[in-house]
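[1] sequence and computational prediction follow.
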Amino acid sequence: MIRPPAHWLVISFPMPVRPLLRAYSLWFSLLFMVVAGFYVFGWSVSWLCLTGFGLAMFWFVWELARYLIALRPQRPNWEFLPDVQRAITEQPESEANVSLVYFLEEGRSPTVDSVRRCFERALEADDWFSFSISDVDISRSEIEVWRDEGGAVDSVDAISDEGELSAEEGEGGLPLKQFFVATPIGTFCLLTMERPYVENPAIFAKRIQDKRIRRAVEQHRAWLAVDYLDPDAEPAQVRNAYRLIGHLMAVLAGPDCLAIFHPDSQRCNEFDPALMERLASSDPLQVFSTPTFEPVIEVSDSDAEMQNAVQLAQREWPKFAAAFKKRQPGDENFLVKTEFVEGKVSEYMWFSVREIIGDRVRGYLVNDPCELTQIYRGAEVTITVDEVADWLHPRPEGGHAGGFSLDVLKKRKKE
């Protein structure tokens, strides 16, 4: 079945006034151009004045271009996220980071006994593992991570092997608990820190296009990771390590998990209990092959391109209706997008069409709402043709027809 991403529509975004006020060089260049123009057009024309005015115009255009480029949405750069892990394990940046990370709502306080129980459950869940918990040795230590003024990891100091971190010792540093687990297939490290995985999560999250993942990054206040510490491991060893890490992450999952992150591939996915089965498989990285839920993209309600896409879908609606009449019985790949509103919140989502009677279209929702609470995947939907925002169906010869809003989003992704 076709599973298109959802399209999100919200209130128009205001002009970014604060960045404009802080663009001091842009304002200085504008002032310089105005003063130079006053001399050229107000007093007398001379080569000196014309040269000054030309330079002022060039400076202003250059600063304006820099400002507009800075306003373009950026893709998130996750590369600085695992710096704490790399510093702790002394792992070179060139080496693969064999690790999975949970973003958590709140911190956890594991102990050697609780970590041992987690490993025991993970090993018992899969007969593939040829060793038991009796072959595993676990040690605990606590360290303090210090960052420099730029936010990068500056130093890592050992604190104690058994004792808790005191307030005096922890002042200015990031207390982190780590558990080294020696197994027959290599050494693993479980790390947990009661601080966000990124500096300034709210600021960093603005770079993320998908609203679901952005929300998870904004809301997380702690993290937990399981690393494999053998930098010279062969590919087969790495696969075996991920198999155990995946089982551990399935055991460690809980209601406080907001997202799961793979540092090596820089992929992040919103967490859902349904992922636990895939984590506890021979290939846990498959949890990143597709989004947990359909991506939610914010678009201004005054977006001209999206408005044109909706108008085009309306004009081309007779083609969808004609194709629907010729469909094979039971074909659920004829989809329509429409707006769902609850109070001041609205989401555009897709539903699978079951019948078209006159100007009424009936079907069932195939998206998971992001913030709406009064509708759910599988709910029956009935709208009029005037409420159609987009449509999509497969062509007999291959490919699809419609999807006008998807074409807009795909174009912007390439940009």
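    Arrived safely.
[2] how far out from the middle of the chain is stretch 392-412?
    The chain centroid and the centroid of stretch 392-412 are separated by 24 Å, computed with CA atoms, centre = their mean, to the nearest Å.
[3] elements contacting the helix or strand harbouring residue 227?
    Residue 227 is part of strand 222-228, with elements assigned from DSSP states H and E. On a contact count with 3 or more CB pairs under 8 Å, 6 or more residues apart in numbering; DSSP states H and E, strand 222-228 meets helix 83-89, strand 99-104, strand 186-193, helix 235-252. (C-beta placed from N, C-alpha, C; glycine too.)
[4] so which residues of the stretch 151-300 of the chain form strands?
    Applying DSSP state E, counting those that start in this stretch to the stretch 151-300 of the chain gives strands spanning 153-160, 174-183, 186-193, 222-228, 257-262, 267-270, 298-300.
[5] how about the ones you listed in JSON lines, adding mean neighbour count, distance to residue 205 and mean pLDDT?
    Formatted as JSON lines, those follow (neighbours: other CB atoms under 10 Å; distance: least, CB to CB, whole Å; pLDDT from 0 to 100):
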{"stretch": "strand 153-160", "mean neighbour count": "14", "distance to residue 205": "21", "mean pLDDT": "44"}
{"stretch": "strand 174-183", "mean neighbour count": "19", "distance to residue 205": "20", "mean pLDDT": "86"}
{"stretch": "strand 186-193", "mean neighbour count": "20", "distance to residue 205": "18", "mean pLDDT": "92"}
{"stretch": "strand 222-228", "mean neighbour count": "24", "distance to residue 205": "15", "mean pLDDT": "93"}
{"stretch": "strand 257-262", "mean neighbour count": "23", "distance to residue 205": "11", "mean pLDDT": "88"}
{"stretch": "strand 267-270", "mean neighbour count": "20", "distance to residue 205": "11", "mean pLDDT": "83"}
{"stretch": "strand 298-300", "mean neighbour count": "16", "distance to residue 205": "12", "mean pLDDT": "66"}
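[6] of those strands, which approaches residue 387 most closely?
    Nearest of those to residue 387, taken as CB to CB: strand 298-300 at 17.5 Å.
[7] would JSON lines of the strands of the stretch 151-300 of the chain with distance to residue 405 be doable?
    Listed next are those as JSON lines, based on distance: least, CB to CB, whole Å:
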{"stretch": "strand 153-160", "distance to residue 405": "42"}
{"stretch": "strand 174-183", "distance to residue 405": "43"}
{"stretch": "strand 186-193", "distance to residue 405": "40"}
{"stretch": "strand 222-228", "distance to residue 405": "35"}
{"stretch": "strand 257-262", "distance to residue 405": "26"}
{"stretch": "strand 267-270", "distance to residue 405": "22"}
{"stretch": "strand 298-300", "distance to residue 405": "9"}
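[8] for residue 243, which of those strands is the nearest?
    Proximity to residue 243 (CB to CB) singles out strand 222-228 among the strands of the stretch 151-300 of the chain, at 10.6 Å.
[9] paired strands for the closest one, with orientation please.
    Strand 222-228 has the following sheet partners, assigned by DSSP bridges: strand 99-104 (antiparallel), strand 186-193 (antiparallel).
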